[in-house]
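Engineer: the following block contains a protein sequence and its predicted model.
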Amino acid sequence: MDWIYAAGVDGATGGTARTQFTSKAASDDFALATWRWKTGAPAELVNVYRASGMTAPQQAAKIHEFEAAFNYDVIVLDSGGGGPFIRDELREPIQDDGKKKWTVTPLITKDDDHLRGVGKDKVVFFGRSDSRIKGDNRPDCPGIGLVLTSESFLINKAHELLKGAIEHDPPGVIFPKEEALKLGYDSPDALRDFLNTVTLGAHEKAQYELDLALWQLIQIGRELEKDGVTPVTDKGGFYSFTSDSRKDSAYSVIYGFFGIFLLKMELRVLTPKPTAHISPVFGIEIM
Amino acid sequence: MVDDFLHDPVLATKVILGISSPPHMELRLWSMWTKAMVIDSSGFGTGKSLDIAIISALRAILMRDRTIAIVSRTFRQGQDVHQYLNDWAKRKPIFRSQLINDGGRGSSTQTSSLWERKFVSGSVVRTLPPDFKGGAEGMGSEDWTDASFDEVTKYPDLTNFFRQLVSRVRKPIPPEYRPMATRVPVSEDPILGRHIYMCGTARYVWHPFFNQIKQFNEKIKDGSSIHDVLSFNYKDIIRFFDLHEEYKEFVPLQTIRTMEGGLPRDIVEQEVNGIWTTDSAGFYSMADVMAARGVGCPVLVGRE
């Protein structure tokens, strides 16, 4: 089996208007994480891209650029913040990153009736309404096999999946060796500030941004009650996640790993073993 | 009188510099003065930088022909420590009286690559940039009797730190001190011998520097009299506030409270309380994330 590639995108709000430029230091970041996986191997986090102050068209153009490089099997896009604007820009056949324009095949979700058959339907909008997540009658939308009681359920599931894979023995995920410690920065925000001021080659930048993403990831905690120990839960018993540092890159990693999970579920459903009965929902063998 | 100061750094600090230290700083002064190798992971606001300046100044005043180095992670941070000496030169008459005139040029040199203060004893305090980018090769010509290394847990390359920096503590003790060392060679004398002080914020226990702490603790357990491991935090001072109002000026309590409110719990443990922590307090285990790193995963810029 060849590697399958998944992207996770945490879009930046990029100011109130879709074309408004915001100050780099103050704006939230656009982050795109790339994972790959094949049968019998742990999932690998192989690239993280992050930038500050991008408009929605620029973010969409960057996703198309990475799509050209990696030919993703799925792109999971955060539905909050700038997500809807980016989703719309991804559908444009001419992409413009502010320096150049080029023609692309639109990237769409499976719910895009207008461009079905024309665009590449590999975008998954991270939310209960996306058909690929909730499932529908189409054979290529089996869903993730879970009853999605709330939006907080979905993000809790995404966190749980990644945490479970990291803590599994042996780990279900692997990351490249850490390099950023050599730079002398010991906090994610200090590293981010440094990376925003230097120009690096693509490979070196990807390495340090990947380190930043993982540093941000370990800063993510659950919101706690006043006792400082008990996690806050909502009506469904789900957690709220918080962090004292920025978390854009960390969330792109989380969404990307969710994409790997989604592909694994679909693979099991769409390519069942011929001699076994496979549950179309849970992807496990049943008698 | 000099002999009294030589054997009591707390007294020397009070008389020469006019500083009365809180108890934990007195303990640290004693440790830095009498132990050849000290590691200090004390938290923020416990006076590590001030004690580096005090001990460097006292050695330069009370002992002849020593070269005392102050090295921090950046030259700027080293300068911040050295600034205490500049301040004392203006405000402390006894300290000022021990500085050389150097033919009218004064005792101080300040360039972009060296800050230096010279004393009538022939001793000198040198604050230098660590030159990590150059592999600290520039330190090759340095010879120190004593050295204080600040922020060691933030140095990017510990191998080069030990190879190029710690190894510079090799300057011979002047021969006139030999008769004063009665039980051991003068270079090993607790007070007259060479001293290395390494301080830095505590980190996670898998930080490479933690191995040094483990080794030092083993040696101390085996009876070593030349090693010491310290870790204080601001709570060691505030409990004396009722009886000693003057200690309040040593503790940036407002800043500490802001840090406690704004930083993740494990970082507070490290930075403020001086504790080497076993794992992050967040949802994701840092230990497990680290365990998943460096096992052959590539960084890619395109599909292979």
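Structural biologist: That came through fine.

Engineer: if we ignore the residues flanking it in sequence, what's nearest the residue of chain A found nearest chain B?
Structural biologist: Closest residue of chain A to chain B, Cβ to the nearest Cβ: A:Lys177 (3.5 Å). All C-beta spots, glycine's among them, are computed from the backbone N, C-alpha and C. Spatial nearest neighbour of A:Lys177, chain neighbours left out: B:Gly294 (3.5 Å); criterion: Cβ to Cβ, 6 or more residues apart in numbering or on different chains.

Engineer: ok so, going back, quick one: the residue of chain A closest to chain B from B:Phe119, how far?
Structural biologist: 47 Å (Cβ to Cβ, to the nearest Å).

Engineer: same thing with A:Phe238?
Structural biologist: A:Phe238 sits 66 Å away from B:Phe119, going by Cβ to Cβ.

Engineer: that older thread, between A:Lys177 and B:Phe119, which one's more packed in?
Structural biologist: Counted by other Cβ atoms under 10 Å in any protein chain shown, A:Lys177 and B:Phe119 do not tie: B:Phe119 has more neighbours, with 23 against 12.

Engineer: touching, the more buried one and B:Gln98? I think so.
Structural biologist: Yes: if you go by Cβ atoms under 8 Å, B:Phe119 and B:Gln98 touch, sitting 5.3 Å apart.

Engineer: now the common contact residues for those two.
Structural biologist: Taking Cβ atoms under 8 Å, 6 or more residues apart in numbering or on different chains as the criterion, B:Phe119 and B:Gln98 both touch B:Ala60, B:Ile61.

Engineer: all strands for chain A, in order.
Structural biologist: A:4-10, A:29-37, A:43-52, A:74-78, A:94-96, A:101-103, A:107-109, A:120-126, A:173-174, A:221-222, A:241-242, A:277-278, A:285-286 (DSSP state E).

Engineer: same question, the stretch 1-150 of chain B
Structural biologist: For the stretch 1-150 of chain B, the strands defined by DSSP state E, counting those that start in this stretch cover B:37-40, B:67-71, B:108-110, B:115-118, B:124-128, B:146-149.

Engineer: low-confidence ranges in the chain?
Structural biologist: Here I'm looking at chain A. A:14-27, A:186, A:269-287 (pLDDT under 70).

Engineer: switch to chain B, please.
Structural biologist: Judged by pLDDT under 70, chain B has its weakly predicted residues at B:102-105, B:132-139, B:280-281.

Engineer: redo that, cut-off 80
Structural biologist: For chain B, the stretches with pLDDT under 80 are B:1, B:101-106, B:131-140, B:156-157, B:182, B:206, B:261-267, B:278-281, B:294-295.

Engineer: near chain A, which residues of it show up?
Structural biologist: B:73, B:132, B:154-157, B:203, B:262-264, B:267, B:280-286, B:288-304 (Cβ under 8 Å from any Cβ of the partner chain).

Engineer: list buried residues within these.
Structural biologist: For the residues of chain B next to chain A, a burial check counting by 16 or more other Cβ atoms under 10 Å in any protein chain shown picks out B:73, B:132, B:154-157, B:203, B:263-264, B:267, B:280, B:282-286, B:288-293, B:297, B:299-301.

Engineer: ok so, going back, output the strands of the stretch 1-150 of chain B as a markdown table; include the columns mean neighbour count and distance to A:Phe70.
Structural biologist: Conversion of the strands of the stretch 1-150 of chain B to a markdown table gives the following (neighbours: other Cβ atoms under 10 Å in any protein chain shown; distance: least, Cβ to Cβ, whole Å):
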| stretch | mean neighbour count | distance to A:Phe70 |
| --- | --- | --- |
| strand B:37-40 | 22 | 46 |
| strand B:67-71 | 26 | 45 |
| strand B:108-110 | 14 | 53 |
| strand B:115-118 | 22 | 51 |
| strand B:124-128 | 24 | 47 |
| strand B:146-149 | 26 | 45 |
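
Engineer: reformat the ones you listed as a markdown table; add distance to A:Ser150.
Structural biologist: Formatted as a markdown table, the strands of the stretch 1-150 of chain B follow (distance: least, Cβ to Cβ, whole Å):
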| stretch | distance to A:Ser150 |
| --- | --- |
| strand B:37-40 | 50 |
| strand B:67-71 | 55 |
| strand B:108-110 | 63 |
| strand B:115-118 | 61 |
| strand B:124-128 | 59 |
| strand B:146-149 | 53 |
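
Engineer: quick check: closest non-adjacent residue to whichever residue of the stretch 1-150 of chain B sits closest to chain A.
Structural biologist: Shortest the stretch 1-150 of chain B-to-chain A distance, computed as Cβ to the nearest Cβ: residue-wise this is B:Arg73, at 6.6 Å. In space, and not counting its chain neighbours, B:Arg73 is closest to B:Glu151: 4.1 Å by Cβ to Cβ, 6+ apart.

Engineer: doesn't B:Gly200 make contact with that neighbour?
Structural biologist: Yes: B:Glu151 lies in contact with B:Gly200 (Cβ under 8 Å); the separation is 5.2 Å.

Engineer: wait, the residue of the stretch 1-150 of chain B closest to chain A touches B:Asp131, no?
Structural biologist: No: the criterion here is Cβ under 8 Å, and B:Arg73 misses it with B:Asp131 at 11.6 Å.

Engineer: ok and the residue in chain B nearest chain A?
Structural biologist: In chain B, the residue that lies nearest chain A is B:Gly294 (3.5 Å; Cβ to the nearest Cβ).

Engineer: which ones are touching that residue?
Structural biologist: A:Phe175, A:Pro176, A:Lys177, A:Glu178 are the contacts of B:Gly294 under Cβ under 8 Å, 6+ apart.

Engineer: same check on B:Ala292?
Structural biologist: B:Ala292 sits next to A:Pro42, A:Ile166, A:Pro171, A:Val173, A:Ile174, A:Phe175 when contact means Cβ under 8 Å, 6+ apart.

Engineer: could you redo the last one with a cut-off of 10 Å?
Structural biologist: For B:Ala292, the contacting residues are A:42, A:44-45, A:165-168, A:170-175, A:214, by Cβ atoms under 10 Å, 6 or more residues apart in numbering or on different chains.

Engineer: before we move on, what about A:Phe175?
Structural biologist: If a contact means Cβ under 10 Å, 6+ apart, then A:Phe175 has A:42-46, A:166, A:210-211, A:213-214, A:217, A:253, B:289-295, B:297, B:299 as its contacts.

Engineer: residue 114: neighbouring residues, count only.
Structural biologist: All of this refers to chain A. Close neighbours of A:His114, defined as other Cβ under 10 Å, add up to 9.

Engineer: sorry, should have said chain B
Structural biologist: Neighbour tally, B:Leu114, other Cβ under 10 Å: 12.

Engineer: that one against B:Val71, yeah?
Structural biologist: No: counting by Cβ atoms under 10 Å, B:Leu114 does not reach B:Val71; the two are 11.5 Å apart.

Engineer: who touches both of these two?
Structural biologist: With Cβ under 10 Å, 6+ apart as the test, B:Leu114 and B:Val71 both reach B:Arg126, B:Thr127, B:Leu128, B:Pro129.

Engineer: quick one: the helices in the chain?
Structural biologist: No chain was given, so I picked chain A. Using DSSP state H, the helices found in chain A span residues A:56-70, A:83-90, A:131-134, A:151-167, A:188-195, A:202-219, A:248-270.

Engineer: actually chain B
Structural biologist: All helices of chain B, identified by DSSP H, fall at B:2-6, B:9-17, B:23-34, B:48-62, B:75-91, B:93-97, B:158-160, B:210-221, B:235-238, B:253-262, B:265-271, B:286-291.

Engineer: that concludes my questions; thank you for your assistance.
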